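# Structural data only, the sequence is not supplied:
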Ligand code: SF4
C-alpha cells in the first residue's frame, strides 16, 4: 500500500489502512464473511459442484439497500494473505468449478498476492459492484478469467441517492471496457461452463425501469451481445437502510421486471439469464458466519 494512503477504488479516500479503516470499512488485512461452495450463481458458471465463493467484508460502494448489508459494512474475520491463498486451495480441493471472489475490489493487492502464492487451475471470477478503478483493475490483468460486474446505475442521481457515487455511470463504463479488454472473447468449455469472459449482472430496482434501460443500453454498447452473458436479476429485497427511502422500500413489481427483460430482448442480448418463475425471497442469501474462513 502506498504511503500516501489508499487510492485503490474510485473513492480514492487516501486513508492509511495500516492505521485505520477506509470508507470501505476495512483495514489492510483481508476480512471475510464466508468461504464455501455456493450453488446459486448462474448455471453457465458452475454445475452441481458449486462455485468456490469467497465473500469479502467491506465495500467501497455501500449501497443503502445492500442485499448483504452487514458484510458490506465490514463485519467478518480478519485473515492473512497466506490464509487467503490456502482458502483458494481448499475450495478447489473440494471440487469448486471456480474461485468466485465476491466484492474484493478493496483488497485487490491482497488478492493478487494470494493468487501468486496459489494460482487455481479453475477459472478465477472477479464478482464486483462495477464501481472499479481502471488502474486497479489493470493490476489483475492475467489473473482474472471471468469478470462479473453488477452494473447498477446509468442514472447518476440514483447512484448518488443510493450509493453516494454520482460518478458511478461514467466510472463503471470505463471499468467495464477495461474488463472486456483483459478477457477478450467469452468462451465456454466442453463441460458447458464459462472459462473466460464477461457475465454482466443487473439488479433491477423498484421504480427505476428507466435506470435499467440505460444500463442495458450501456452494456449493449460495450459488450458482445452474441457472446457475453447478461443476467437480469429480480430478487431485490428492501434490506439495510431501504426503509429510509420509501420508493425502494418494497419488492420489485413483475410489470417492472418484465419491462426490463423486454428491453433486453429488444437489444438482442443472445445469452441472457432471466428469473421468471423463481421466488425473490432471501433463501439465496448465505449466512456470513465465518464458514470456511
Ligand atoms: S479501497 Fe477503501 S480505503 Fe481504499 S480508496 Fe477505496 S474506500 Fe478508500
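Good, I have the coordinates. The model shown is predicted, which means the values in this text are computed figures rather than measured ones.
# Need phi/psi at residue 236.
Reported as degrees, to the nearest 10, the phi and psi values for residue 236 are phi -60, psi 130.
# can you offset everything so residue one is 58?
Shifting the count to begin at 58 puts that one at residue 293.
# Would you check how far apart residue 296 and residue 207 are?
For residue 296, the distance to residue 207 (Cβ to Cβ, to the nearest Å) stands at 15 Å. C-betas here are computed from N, CA, C, even on glycine.
# More neighbours: those two, which one.
Using other Cβ atoms under 10 Å as the criterion, residue 296 and residue 207 rank with residue 207 on top: 21 against 18.
# near the ligand at all, the one helix or strand residue 110 maps to?
Here residue 110, judged by DSSP states H and E, is contained in strand 108-113. No: using Cβ under 6 Å from any ligand atom, strand 108-113 stays clear of the ligand, with a minimum separation of 11.1 Å.
# For the ligand, what is the nearest residue in this protein?
residue 79 (2.1 Å; Cβ to the nearest ligand atom).
# who's in contact with the residue nearest to that residue when sequence neighbours are not counted?
Distances taken as Cβ to Cβ, 6 or more residues apart in numbering place residue 72 nearest to residue 79, at 4.1 Å, with adjacent residues excluded. Counting by Cβ atoms under 8 Å, 6 or more residues apart in numbering, residue 72 makes contact with 62-63, 78-80.
# Filter those residues down to just the buried residues.
62-63, 79-80 (16 or more other Cβ atoms under 10 Å).
# The residues you listed into TSV, with extra columns for pLDDT?
Formatted as TSV, the buried ones among the contacts of residue 72 follow (pLDDT from 0 to 100):
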residue	pLDDT
62	94
63	97
79	95
80	96
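# Any buried residues in the longest strand along the chain, and which?
Longest among the strand segments of the chain by residue count, using DSSP state E, is strand 251-260. Within strand 251-260, the residues that count as buried by 16+ other Cβ under 10 Å are 251-260.
# thinking again about what came up before, quick check, the residue of the chain closest to the ligand in contact with residue 85.
No: using Cβ atoms under 8 Å, residue 79 is not in contact with residue 85; the gap is 9.6 Å.
# Give the pairing partners of the strand holding residue 110; include direction for each.
Using DSSP bridges, the strands paired with strand 108-113 in its sheet are strand 88-95 (antiparallel), strand 156-159 (parallel).
# Out of those, which is the most enclosed?
Ranked by mean neighbour count, those are led by strand 156-159 with a mean of 27 (mean count of other Cβ atoms under 10 Å).
# Pull the residues that contact that one.
Counting by Cβ under 8 Å, 6+ apart, residues outside strand 156-159 touching it are 95, 98, 102, 108-113, 145, 148-149, 168, 177, 179-184, 205.
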